[in-house]
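**Student:** Only the shape, not the letters, is given here:
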Ligand code: SF4
């Protein structure tokens, strides 16, 4: 799979610490540099049929339809791909007007992931999103009118401007809009964000974990009652609508990341990341130098990553793969560590896969980190 990072946004959301710039001054040069990077890295992922191409960010929908299409063309020119390749574009509701949707529907993009976050203006204002509640709803309907059935929306729970009743309404609205995939995260306060600043200065209250916990478990029951499968802690899909891109990532498949700050992984022991600076990225690529750093993952890193990622999913951690990848003493230690958690019902083994029962998924990261080797 290939991930393309578009490092521009119209404005800064209050909770966000991703890499992007709000100045579009160098957008043309950036698109040209990304296409050059695709060419420079055309020998990676060879012998693989691409199953997924994913535009994330930042805000990919800040590009024009022509720019998006030109990047896709460049990828498809140099990499072999399967006929049913999933091509996802993350889009913000305020960008999904008729002209843009028409251009997308004429392009190979076949899945949209819309950054809805909430159908309530108060939440959206707190998040400093560029769209309002009516745009959130209208953008989804318009995308469907243009033939996009494979739609995902992002929804954020646990905002201090929300409560269980508002959250229920958000979920009801989602069902009424007939959306087949939902990614839903708790609002978290990252350092050096507007949100953390407001909370530190006492301007707003911080999110409460007990509220987030209630909203999370309400969502699980509600979405299951409406035909969704909960296939990763933060992801729900109707049958046939699992994200190919995310699923491949959770199964430790190889991926290539293009654009500033994008990460790549060789499926074994090497991870790399591009420089998180737009100007330096452009100038290096223009000099035919890849703007990336690389690290060899230690055995501990690989083990911890498999535990962390696997335990967040419906598939769990494949013990057979662990046994073939890691030395016996490590597996024996893990077996001892998990025993008490199995006795307490916090972990289970099903068909040789180690899993966290869904009722403990809210604590998945903490449970996984207890099993890490350091
Ligand atoms: S649109 Fe996405 S990447 Fe951009 S500031 Fe908001 S959350 Fe961050």
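**Tutor:** Sure thing, it's come through. Just so it is clear, the structure is predicted and the values come from calculations on it, not from any experiment.
**Student:** Give me the buried positions along stretch 25-39.
**Tutor:** Counting neighbours by 16 or more other C-beta atoms under 10 Å, one finds that the buried residues in stretch 25-39 are 26-27, 29-38. Glycine gets a C-beta too; all of them are placed from N, C-alpha and C.
**Student:** what's in contact with that stretch?
**Tutor:** 4, 7-8, 62-63, 67, 70-71, 74-75, 78, 258-260, 274, 278-279, 281-282, 285-286, 288, 290 (C-beta atoms under 8 Å, 6 or more residues apart in numbering).
**Student:** In ChimeraX, how would I select just the buried ones from those?
**Tutor:** In ChimeraX, this line selects whichever of the contacts of stretch 25-39 come out buried by 16+ other C-beta under 10 Å:
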select :4,7,8,62,63,67,70,71,74,75,78,258,259,260,274,278,281,282,285
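**Student:** Which of the contacts of stretch 25-39 fall within helices?
**Tutor:** Using DSSP state H, the subset of those located in helices is 67, 70-71, 74-75, 78, 278-279, 281-282, 285-286.
**Student:** farthest-separated two in these?
**Tutor:** 78 and 279 (25.6 Å; C-beta to C-beta).
**Student:** ok, and what's touching stretch 190-202?
**Tutor:** 12, 14-17, 126, 128, 187, 189, 204-206.
**Student:** what's near enough to touch the closest residue to the ligand within the stretch 201-350 of the chain?
**Tutor:** The minimum distance from the stretch 201-350 of the chain to the ligand, using C-beta to the nearest ligand atom, falls at residue 261 (10.8 Å). Counting by C-beta under 8 Å, 6+ apart, residue 261 touches 5, 7, 18-19, 273-276.
**Student:** which of the residues you listed sit farthest apart?
**Tutor:** 18 and 275 (14.8 Å).
**Student:** So the residue of the stretch 151-300 of the chain found nearest the ligand, which state does it fall into?
**Tutor:** As assessed by C-beta to the nearest ligand atom, the ligand sits closest to residue 154 within the stretch 151-300 of the chain, at 8.8 Å. Of the three states, residue 154 takes strand according to DSSP: H, G, I helix; E, B strand; the rest coil.
**Student:** Tell me who's in contact with residue 186.
**Tutor:** Counted by C-beta under 8 Å, 6+ apart, residue 186 has contacts 156-158, 207, 212, 215-216.
**Student:** could you redo the last one with a cut-off of 10 Å?
**Tutor:** Contacts for residue 186 were tallied using C-beta atoms under 10 Å, 6 or more residues apart in numbering; they are 156-159, 207, 209, 211-213, 215-216, 234, 362.
**Student:** tell me the centre residue of the protein?
**Tutor:** The centre of the chain sits closest to residue 246, judged by C-alpha atoms, centre = their mean, with a distance of 6.9 Å.
**Student:** Can you pull the phi/psi pair for the nearest residue to it once chain neighbours are set aside?
**Tutor:** Nearest residue to residue 246, sequence neighbours excluded (C-beta to C-beta, 6 or more residues apart in numbering): residue 235, at 6.4 Å. Note on residue 235: its backbone torsions stand at phi -130, psi 140 [degrees, to the nearest 10].
**Student:** what does the protein put close to the ligand?
**Tutor:** 9, 12-13, 16, 18, 20, 57-59, 92, 115 (C-beta under 6 Å from any ligand atom).
**Student:** which residue ranges form the helices in the protein?
**Tutor:** Under DSSP H, the chain gives helices at 27-40, 65-78, 98-105, 121-126, 133-145, 164-176, 194-200, 209-225, 244-250, 278-286, 299-311, 319-325, 328-343, 364-369.
**Student:** now those helices as TSV including mean pLDDT?
**Tutor:** Converted to TSV, the helices of the chain look like this (pLDDT from 0 to 100):
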stretch	mean pLDDT
helix 27-40	98
helix 65-78	97
helix 98-105	98
helix 121-126	97
helix 133-145	98
helix 164-176	98
helix 194-200	96
helix 209-225	97
helix 244-250	92
helix 278-286	97
helix 299-311	95
helix 319-325	95
helix 328-343	94
helix 364-369	96
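**Student:** got the ones you listed as TSV, with distance to residue 268 columns?
**Tutor:** Below are these laid out as TSV (distance: least, C-beta to C-beta, whole Å):
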stretch	distance to residue 268
helix 27-40	21
helix 65-78	22
helix 98-105	35
helix 121-126	42
helix 133-145	38
helix 164-176	38
helix 194-200	37
helix 209-225	34
helix 244-250	15
helix 278-286	26
helix 299-311	8
helix 319-325	10
helix 328-343	17
helix 364-369	21
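**Student:** wait, which of those is closest to residue 50?
**Tutor:** Judging these by C-beta to C-beta, what sits closest to residue 50 is helix 65-78, at 7.5 Å.
**Student:** so how far is the closest one from its chain's centroid?
**Tutor:** 21 Å (C-alpha atoms, centre = their mean, to the nearest Å).
**Student:** Tell me which other helices or strands that helix touches.
**Tutor:** For helix 65-78, the contact count by 3 or more C-beta pairs under 10 Å, 6 or more residues apart in numbering; DSSP states H and E identifies strand 2-6, helix 27-40, strand 50-57, strand 81-91, helix 98-105, strand 256-258 as packing neighbours.
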